[in-house]
Each structure stands twice: as C-alpha cells, then as structure tokens.
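> need a 3D model of the following:
(2 chains)
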Number of protein chains: 2
Amino acid sequence: MILDKINNSKDVKLLTIDEMTALAEEMRELIIKKVNTIGGHMAPNLGIAEATIALHYVFNLPSDKIIYDVSHQCYPHKILTGRKEGFTDPDKYLKYTGYTAPEESEYDLFKIGHTSTSVSLAAGVAKARDLKGEKYNVIALIGDGSLSGGEALEGLDNAAVLNSNIIIIVNDNEMSIAENHGGLYGNLKQLRETQGQAECNMFKALGFDYMYVENGNNVQDLINAFSRIKDTNKPTVVHIHTLKGKGLAQAENDKETFHFTMPGILDTKPENIQTSTEDYTSITKDFISAKIKSDKNAIVIAAGTPGVFGFDKKYRQEMGSQYTDVGIAEEHAVAYASALAKSGAKPIFTVMSSFIQRTYDQLSQDLGLNNSPITMLVYWGGISNADATHLCTFDIPLISNIPNLVYMSPTNKEEYLAMLEYAYNQNEHPTAIRVPAAELISTGIPDTTDYSKINKYKVISKGSKIAILGLGNFFNLAVEVKDELISKYGINPTLINPIYTTGIDRELLESLKQDHELVITLEDGCLDGGFGEKISRFYGNSDIKTLNFGAEKEFSDRVPLEELYNRYHLTKELIIKDIQNTLKERICK
Amino acid sequence: MILDKINNSKDVKLLTIDEMTALAEEMRELIIKKVNTIGGHMAPNLGIAEATIALHYVFNLPSDKIIYDVSHQCYPHKILTGRKEGFTDPDKYLKYTGYTAPEESEYDLFKIGHTSTSVSLAAGVAKARDLKGEKYNVIALIGDGSLSGGEALEGLDNAAVLNSNIIIIVNDNEMSIAENHGGLYGNLKQLRETQGQAECNMFKALGFDYMYVENGNNVQDLINAFSRIKDTNKPTVVHIHTLKGKGLAQAENDKETFHFTMPGILDTKPENIQTSTEDYTSITKDFISAKIKSDKNAIVIAAGTPGVFGFDKKYRQEMGSQYTDVGIAEEHAVAYASALAKSGAKPIFTVMSSFIQRTYDQLSQDLGLNNSPITMLVYWGGISNADATHLCTFDIPLISNIPNLVYMSPTNKEEYLAMLEYAYNQNEHPTAIRVPAAELISTGIPDTTDYSKINKYKVISKGSKIAILGLGNFFNLAVEVKDELISKYGINPTLINPIYTTGIDRELLESLKQDHELVITLEDGCLDGGFGEKISRFYGNSDIKTLNFGAEKEFSDRVPLEELYNRYHLTKELIIKDIQNTLKERICK
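A predicted model of the protein is given here:
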C-alpha cells in the first residue's frame, strides 16, 4: 500500500507519479468502504482524489492554505493530513467529521458545511497575508454546484481585484448535487468543449487569469497546471474537469444518487432504495403531483437539493416546466417565488431547514414586505444529531420574527394536507409549513379546520391548572406529558396544538388565565427567538407561570439525539420534574 | 411645459423626440427642487430620466412590466405614471414614497428598497407569464451598484436560461453609491471602452444576448435600442451608459455626495456639510484612524454604503489598503472578515442595521460557527420614521439568536470607546456593537469595565420592587422612568444597563428575585425574537412579573417617531401606566 507511507501532507511529495495514481485508487477504496458503512458524501470525494494529491504535492501545506467549499469534498484531504485512521479503521470512522474542522488539524482552516463560501474566505486569508507582508499561496477549491450561490459570485467579483495571489480551483464535474442549472454552467460547458478556449469566459470577464485542465483525474496534468500557477501574483482560476464518482461504476453512472448516500448503498440496488411506505415526503409529492396536473399555474421551486424532498429524476421530469431548480441560489429562489405569486402563479418553494437561513433578506423584503402568497415547505426542521454545519434548529426563530409571514407546524397527516391546501389556495400571506420531521401519524379523519383564521390555536382537550402547548413534532411529547399528569398526578391539563409559530392566540391565552397556573411550551428548535418566548412575554405581566422547552442556543455537533433531549429536558420525565419544581407543593404523587 | 400633457405612461407615446428630450429636462428640474426641499435620491434619478421616458415610449406599460432594482431610481417613472403631483406640488412631496409601491400605482409591481433583487423578481414575473401562456415584455432595470449583490448574480445566472422574454437593462453610470468595486465593474469598463465589443463579456458568458448603448441619456438612441429588443424571445441584456447626476453640475462632479442628499444640499456648499461636532460617527472614525495608523493588521470593511459611516473620499484614501469596500456584497463581506480574523488580521466590519439581514447565513456559519473574533459595528439600529423598505428594528432579533455571537449596546461615549477597544483586541468571539443612534452623551469618566465578562450586566443603581433594564439607545428612557418612579411614586427601582443582547446575566437576574416584583425591559427594536423575551423566559417559572417594551413586529412605513413611541408605549408616562396596571394596588400617587 502506498498509503502506508503517507502520514502527512509532506509524504506525498516523495511519491512518483505512478505511486500517486495508485494512491488515488487506494483512497477511493477506503472512501467507498467507509461511506458504504456509515454513509456520507461518496461521489464528490471519489472525483477529487487526484486533484487533492496534486495539491499536496505541488503546494507547501499547511504554509500554503487550501479552503474547501462546502468541504464535503475533503475526505482525500483528511486521509493525507494525519487522519487516515478515520478511513482505514472502522472503529474510528466516526472520529472525524465529514467536513473540514480546524480542531482536528492545522491543515483545515474553517468549519464549512453550507456552500459557496470558499472564495470569500480565501480572499480574507489572502488579504490578511498581504497586510502582514507574508508570502504563501491561498487556494479555494470550489465546484460541485457551489458556484451558483450568491456568496460565491460576490466572492469571485471581489477576489478578481485582490491584485495578489489567490488561486480558485473550479472543480467542474458537470454536476451540482443534481444536474446543473443556470447560465454559468452553460459557460463551463462551452469552456470544456473548447478546451478552455471559448471566447465567452466568465472568469476572464471578471478579471482572472484562467487555465483549463481537461483531465482533472490525471495526476501529472494537474501537477503541471498547479506548478505553473504556484506563487502567481494574480488572481487565477484553474478550471479542472473531473469525473464525479470516479472508480465506482454505479456512482459514475448515477452521480446524483451517489452524491450523498446512506449506509449500505452498495448492498442495495439503487432502484430499490425508495420505499413505498407512506411518509410526509411521499404525501407531499402526491399533493404536488395533483396540483401540477390540475393547475397549469402551479410551479415547484427548489434550490439545488431535490433529494431532500424526494424529487428524483423521474418525478422532476413529470413536473416538466412547472419545476424550477435554480441551483444553489436560495436568495434568487425566494424572490423568484415572490414574483411568481404576485403574477398569478402558484409557487411552492421547498427548502431544507438548515438552508432557509441563506435567504433571510429575501424572506423579509421580497416575501414579507410584499406579502406574496407563496407556499414554502421547510423540511427536516428540528433537533438532530447532525454535524454543527447542518443544524435544523434555527428556522423557527428565523421565520417567526419577520412581519407578514405565517409559519405553521402540523402534527399529523390530515392536518398537514389541509394546511397544504390552505397555503396553496390562499392569496393573503407568505405561508410556510414545517413538514413534520417525524413518523407519519394519521388520524383517519379529514381535517376541516379553517386555517385562514391566522394564529387560532387548537384546544385538543380542555383541563385546568396546567396548559401544554405542543408544537408540531413535539405535539406527541405533549400528549405523553398530559397522560402522565393524568395518570400519576391526578391533574387533567389543557392540551393545545398551537400550529402557528408566527403569532399568538391572544383570546385563548387570555382565557387560560381563569383556571390555569402554568403554561408550558414544547418546540422542536432553538428557544432563543423562538415560539415559547412569545408565550412567556405574553404572560409576563400576569400570574400565570411559564416554562419553555426546546433547544439551547448552541452549535451542537453530532451529539446523539437522546443526549440532546436529556440536555434540553425534552423527555416526559424531565418535563414533569420541571413542572413540579415550578408548582412545588401543588403537585406530588 | 411638455409635462402638462403627461398624465400617464401612454401620453409619452404621443411626444416627438425633441419633446421627450425637453421632458427629461423638465423632470430633472422637478426632481432637483423636490430633493433639495425634502431630501432623497438625487443623482440616480437625474441620470435615468431619458431611459425612463424611452421605456415608457417603446413598451406598453403596464401590460409590459418594469421592475426597478432598489427602486430609488423610480422618480421619473412616478412622474410619468399619474404621480407627478408628488413632484410639482410641494404640499404633496411626501404623498408618495421614494420607492416603487404597488399600492400607489398599477405601474409598480413590488415594494423594493434593498438592492439586487430586480432580476430575480423579473424572472418570476416572466415565468408566471409563460405558465399562463401570456405575452408581454418583462424588464428589470438594474445598475447603480446593485449588480455585485449575490442575489443579482444568482438572478442573472438563472434569468439567462429562462429561454423566453426577459430584458435586463444594466444602467451603467460608472458608480455604485461610492465608486465601484469588483471585477464585474472592470468588465463594464472594458465594454464601455470598446462600445460593447470587448471579447470578455460576462453577460454573453452567462448566455444573454447583449446590446450596448453608449449615450444612455439620448432618447433617440435608447428608443432605437429598446425597439430592437422589444418582444424578444431570448434573455437579453441592454447595457446603457448614463451620466449619474446629469443636469446638475454639482452632482455630475460629485456623484457620491449627491447620491442621496439631505434637504438643502444646494443651499450649502458640500464641503461645509460635515459638521465638526463630536458624535458617535466621528468618534468611531477617530478610533478607526488610530488603529489603522498604529496596527498594520487593522482593516476596515464596508459593503457599499461608506456614507452611512461618514467615510468620505479623503478618509477612505487615508485608510488605503487597510480599507476594503466590497461593493454591495454583504455576504462576501462577512466571510471575508471572518477569514481575516482567523488569519491574524483585525477586521472591523461596518454595516447599517437594515442591511445586516442580507447576510444571516454568513453571520451564523462563517462567523458564529467558526467563532471568528471580528468587530462588527451596526449603525442606525432602532425605531425610526423610515420607509418600510429600510427599517432598522430587526438587527437585535437577527444577531441575538445566533450562537457564539456577542452583541453589545453602549449607552454613552466612554462605554462605546471601551467596547470598541475590547472588541478590537479580544480574540474570543465575533463581537458586534450597536453604534448608538442617538445624541452623544459623555460622562467624562473613562469606562474601565471588563467586557470580556460576557453577559455581565451593569447595575447602575440598586433599589427594590421594580427593576428596569434599559438597553442601549433606551437607557435614558429607563433613567426617566426611574426618576419618575422615585419622585412621584416613592419607589426606588433598580436600574440596570444590560449591555449584551446575546445572553443573560443569570446570577444578577436570580438575585433580583429577592426583593423585586417586576422586571421591565426597554429595547430600541422589534420585541419578537429580541432581548426582552429572553428575560421573560428566564422569569417565566418564578413569581417575578415582566413587561417588555419595544417595537411590534410590523413593517411600519414612514410613521412619525412620536406616533410609533405612543403605539409601542415607549414614553415615560405610558410605561408607568403599564407598570401600574401590572402591579395594581401596589403603586399609586
């Protein structure tokens, strides 16, 4: 194994070209085995192996600096920088994150998981170098769909005028997560087809020196290119053409499925991965399909992550021109949706909770201020064991404090379907729905609630002393608490499904004052700026006590869910205990 | 007057070229007089008069649709669309906003005040048209610095592949608000110098048809160009070269000063506008100057609005390479600053409260997650009589709910200077300071507080029964309330300067429980998701009552400040009344 000789970046410099080529294959084997075991980003890392080796060969890391965009392409980099045990030893598969992490290695500069940031970060590193009068190369590795994000384009615009060393490596694997979208990818295609010679060249137009490498999986070609631009004193783009998924036939053939995979992908036939079980994703797709077919003005908008919503290739084709994937460009997506709604179309914007924060200003100005009646579906919102870069706990604080927006949290299938119909048909407000991140629950009884009565909470059962507001994913936890209070403590609390995180039901909350002492709120997200605090504010000047349960304001990093639930007191037992501590003598076994 | 004949867009079509040319002059006279009387955007509107006339002449408005980016260039458009009284009649100067407003006219599609949105909005309008099978032209008018914003670039990327009619008019007046920054403006320059023939053309690279108009203030040339591309079925860019400030010599010569002006600009010599009075802007500049001179690693970053910070041309030149104006590109600015800090430089990012929301994801990911110790100065934060598009009430909710960020609100000069020193020298956290939007107050006593004790509030005077937390701008209101409680009600309340909106001083708040019944909070911003709610949450399970004072969650639109203060109970009298209602029998005259 060549890999046995590699303990850090400098060892790469001692290899021959043939050894480096073999090393790329060895790394791919490790990556395939690891990702098939624990899941992760498969195809992007298979494609970038040779380029990573060439970078470590040509540049002097960590004196020279590399910033990986999104950083989900950093597996080969980790293998070469003292962390190969995380790939060779299954017991250590979870030791290192799937993203760059400065706490792991001096070769990593930033924690990066959202996309399109590398050029801006590299520009900052380069500028600091220049201020300090130091000399080293600063390299941003971007691609794999990241280029279309506004921050990347702002970064390119500014990096181009740095008047100093900054090297942007554009990893062009002909793909975003799904296929590419947008004019700039057309330009990359032109450049590929002309070996970089096309007259139209957006990088040159912005002011960069430009170089093209056709075989971005050939170590020698890459070394030649990188050697030529090493120590350049001008902003330079190296456009390398790589094969996403290289070395794994299934991944080369189905780059999208193999972009990010769950464990066992290679033990299953990809066409069998889709389960036929009904879940919130499948019923959303059914709803959308029906609208697309019955209403030519229906249009679905996604920003580069169709897999999150279960929009596979076939499904996307069925939507045809009534589907726009804008690529990774959430800002554009929201403004575009706003204008569609204002012009009489029926836009449904689908977005993952973690990425909704990429477009705050547009939610506020283009949507809220213009009160555009779009439907926005927010997926995966809630506390999770995710990497700190991909938390989904901030969507409620983000959306709930913007005027005019309506954000609803359904608690079962029938409610969700009724809300979808309402949101789609109404013409009043930007209306977001938090798609439940939970097992599907069906009551079997169609929901006939009039959701146009904004901020009208549902009283599920009327009791006294304690009222429990169980929002969305946590409604069932509220039910558990209620049942426990009845069975063990002889207290029959009021159970409320508050639905709306964007406002409060003053009339209902006021009425609770008559025969309640304590109101507790449960929300599956960050407490700071969230739903519960609004309830506490409301009751601040009254005799009602309040307890807000939810996540603390923190970047939790791959913490097991159970540990987080314990930390945040999000179990039946801990909630009851806090209730006891608040009411003291008044409730006991 | 030609203008006498113009009551709506269609009347323009009856004019000769000479009449239209004269009309442009007439409109400019009106704009100059109005802006000199009530303030507003002077130079941008002077430059766009002919193009506006030509658009109304060639296209069939309002069937064809124009979307103005930023929309501060819409004055001539308003004059031509039934709202000329807002320019001819001084009594009606305030009747119409300075931005497009659908409630005013069917010729306006969106409320737009933040920048870089027009292309995305136009893409949405065009797509809706295509879904519905309708035919009309959709035009985005962008320029004047807006192009560098990420949303504009995302929009261009996507508009280029619409495969349908969309016309982007790039108003190239060689300026942003200040001078232009970034590679794309270099490309515009190349295109100007070659009459649009330069090989490097970013618009063509993205896939647009492209046309150049050298004299963008010549009605005939503009009509010729617009006529040629009217009803095009391809995404098309028309690059027009205009003169910002045209027709007013001072504005042509000093485009930056005349971009947005206060009333009376023409009655004052521009060099005399700067007052020599000390204020928070001037002491910030003094602080920055000292750091720039003494520390080569100090660097100031702005995103296109240097005037907000008082960075005039001379001051910018003095900062030299230690100043980066990234143009309108707040996302890039924050990531760039983060990387500078991580690389050992000392970045100070200056930003207006209303625009901080253009970069939420970067505040969270690039700054917060990476815990980069930048200094961020947020200007103008607080309740104001501003247009709904430029409110500054959401910065506290926005920043305060992101982990790791520290946001401080000083209450006087000495505190502010001490916080600046702390923020600049520390190496722990992204540290934002809300530059007081108030008259400068000086205690004359240097502040020796150790601000590294994050979330440690200051007890200004210890009392009992009631505690008043007066944040930043509203600390003085808290003092007024305190004095009134003492003098009229014989209650000596505890007065607290909480400083930090990003966390709570648990120890202090806990101690208040001993001898206080009510804790009130005062903040100059939106209550929802803000500071006060955190205090109410903290006390929710205790016997302490709370009252939170601040702005409601709403897009207030040019509402007089006094009216807003009354609406939000932000006067001494109304606060005392709410205190009485809460404590009832316990406090009376």
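> burial of A:Ile496, as a residue count?
25 (other C-beta atoms under 10 Å in any protein chain shown). Every residue, glycine included, has its C-beta placed from N, CA and C.
> near A:Glu421, how many other residues are there?
Applying other C-beta under 10 Å, I find that A:Glu421 has 15 neighbouring residues.
> surely it forms part of a strand?
No - A:Glu421 is assigned helix when assessed by DSSP: H, G, I helix; E, B strand; the rest coil, not a strand.
> now do the same for it: its pLDDT.
Note on A:Glu421: pLDDT of 98.
> how about A:Thr275?
58.
> just A:Thr268 next, same as before
Residue-level pLDDT assigned to A:Thr268 equals 73.
> send the alpha carbons of stretch A:232-240 over as CSV?
Output in CSV follows, covering the C-alpha atoms of stretch A:232-240 (Å, rounded to 0.1, in the frame of the first residue of the first chain):
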residue,chain,number,x,y,z
THR,A,232,1.4,33.6,-9.0
ASN,A,233,0.8,37.2,-8.0
LYS,A,234,-2.5,37.4,-9.8
PRO,A,235,-6.0,36.2,-9.1
THR,A,236,-6.1,33.0,-11.1
VAL,A,237,-8.8,30.4,-11.9
VAL,A,238,-7.8,26.8,-12.7
HIS,A,239,-10.8,25.1,-14.2
ILE,A,240,-10.4,21.3,-13.8
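> thought A:Asp395 was touching A:Ile356?
Yes - the criterion here is C-beta atoms under 8 Å, and A:Asp395 meets it with A:Ile356 at 5.2 Å.
> so what sits against both of the two?
Counting by C-beta atoms under 8 Å, 6 or more residues apart in numbering or on different chains, the contacts common to A:Asp395 and A:Ile356 are A:Val378.
> can you give me the end-to-end span of stretch A:101-117?
Length of stretch A:101-117, first residue to last, C-alpha to C-alpha, to the nearest Å: 15 Å.
> that one: how far from the chain's middle?
16 Å (C-alpha atoms, centre = their mean, to the nearest Å).
> any residue of it touching chain B?
Yes - using C-beta under 8 Å from any C-beta of the partner chain, stretch A:101-117 comes into contact with chain B via A:102, A:109-114, A:117.
> filter those to the buried ones?
Buried members of the residues of stretch A:101-117 next to chain B, scored by 16 or more other C-beta atoms under 10 Å in any protein chain shown, are A:109-114, A:117.
> any regions of chain A where pLDDT drops low?
A:176-178, A:269-276, A:585-589 (pLDDT under 70).
> can you do 90?
A:70-71, A:143-145, A:174-182, A:255-256, A:267-277, A:584-589 (pLDDT under 90).
> from it, which residue is nearest to chain B?
Per C-beta to the nearest C-beta, A:Gly150 is where chain A lies closest to chain B, at 2.0 Å.
> which residues does the closest residue to that residue other than its chain neighbours contact?
Excluding the flanking residues, the one nearest A:Gly150 by C-beta to C-beta, 6 or more residues apart in numbering or on different chains is B:Gly150, at 2.0 Å. Shown in contact with B:Gly150 (C-beta under 8 Å, 6+ apart): A:149-151, A:153-154, A:331, B:116, B:329, B:331-332.
> ditto for A:Phe287
Taking C-beta under 8 Å, 6+ apart, one finds A:417, A:420 in contact with A:Phe287.
> same thing but 10 Å
A:348, A:377, A:416-417, A:420-421, A:424 (C-beta atoms under 10 Å, 6 or more residues apart in numbering or on different chains).
> again with A:Asp64
By C-beta under 10 Å, 6+ apart, the neighbours of A:Asp64 are A:9, A:55-56, A:58, A:135-139, A:165, A:167, A:230-231.
> near chain B too, which of the residues you listed?
A:Val138 (C-beta under 10 Å from any C-beta of the partner chain).
> which ones among the contacts of A:Asp64 are found in strands?
Judged by DSSP state E, the contacts of A:Asp64 include A:138-139, A:167 as members of strands.
> now the contacts of A:Phe287: which count as buried?
A:348, A:377, A:416-417, A:420, A:424.
> could you list which of the contacts of B:Gly150 belong to helices?
Counting by DSSP state H, the contacts of B:Gly150 place A:150-151, A:153-154, A:331, B:331-332 in helices.
> farthest pair within those?
A:Glu331 and B:His332 (13.0 Å; C-beta to C-beta).
> mutual contacts of the two, please.
Counting by C-beta under 10 Å, 6+ apart, the residues touching both A:Glu331 and B:His332 are A:150-151, B:149-150.
> in terms of neighbours, single out the busier of A:Glu331 and B:His332.
Neighbour totals were compared for A:Glu331 and B:His332, and B:His332 leads with 38 against 32 (other C-beta under 10 Å).
> give me the distance between the more buried one and B:Ala339.
11 Å (C-beta to C-beta, to the nearest Å).
> joint contacts of those two?
A:117, A:120-121, A:123-124, B:366.
> of those residues, which is the nearest to B:Asp286?
A:Gly124 (25.8 Å).
> just say helix, strand or coil for A:Ile433.
Under three-state DSSP, A:Ile433 comes out as strand.
> out of the buried ones among the contacts of A:Phe287, which are inside helices?
Using DSSP H, these in helices are A:416-417, A:420, A:424.
> which residues of the stretch 451-589 of chain A fall in strands?
A:458-461, A:465-470, A:494-497, A:516-526, A:545-551 (DSSP state E, counting those that start in this stretch).
> so what does the first one touch, helix or strand wise?
So that's strand A:458-461. strand A:465-470, helix A:475-489, strand A:494-497, helix A:506-512 (3 or more C-beta pairs under 10 Å, 6 or more residues apart in numbering or on different chains; DSSP states H and E).
> mind listing what's buried in the second one?
Meaning helix A:475-489. Going by 16+ other C-beta under 10 Å, helix A:475-489 has these buried residues: A:475-482, A:484-485, A:489.
> and that helix, anywhere near chain B?
No - using C-beta under 10 Å from any C-beta, helix A:475-489 never reaches chain B; the gap is at least 15.5 Å.
> do stretch A:342-360 as well
Yes - residues of stretch A:342-360 contacting chain B under C-beta under 10 Å from any C-beta: A:342-347, A:354-360.
> just put those in a markdown table and tack on distance to B:Gly86.
Below are those laid out as a markdown table (distance: C-beta to C-beta, whole Å):
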| residue | distance to B:Gly86 |
| --- | --- |
| A:Lys342 | 24 |
| A:Ser343 | 26 |
| A:Gly344 | 29 |
| A:Ala345 | 32 |
| A:Lys346 | 35 |
| A:Pro347 | 33 |
| A:Ser354 | 45 |
| A:Phe355 | 41 |
| A:Ile356 | 38 |
| A:Gln357 | 38 |
| A:Arg358 | 37 |
| A:Thr359 | 33 |
| A:Tyr360 | 32 |
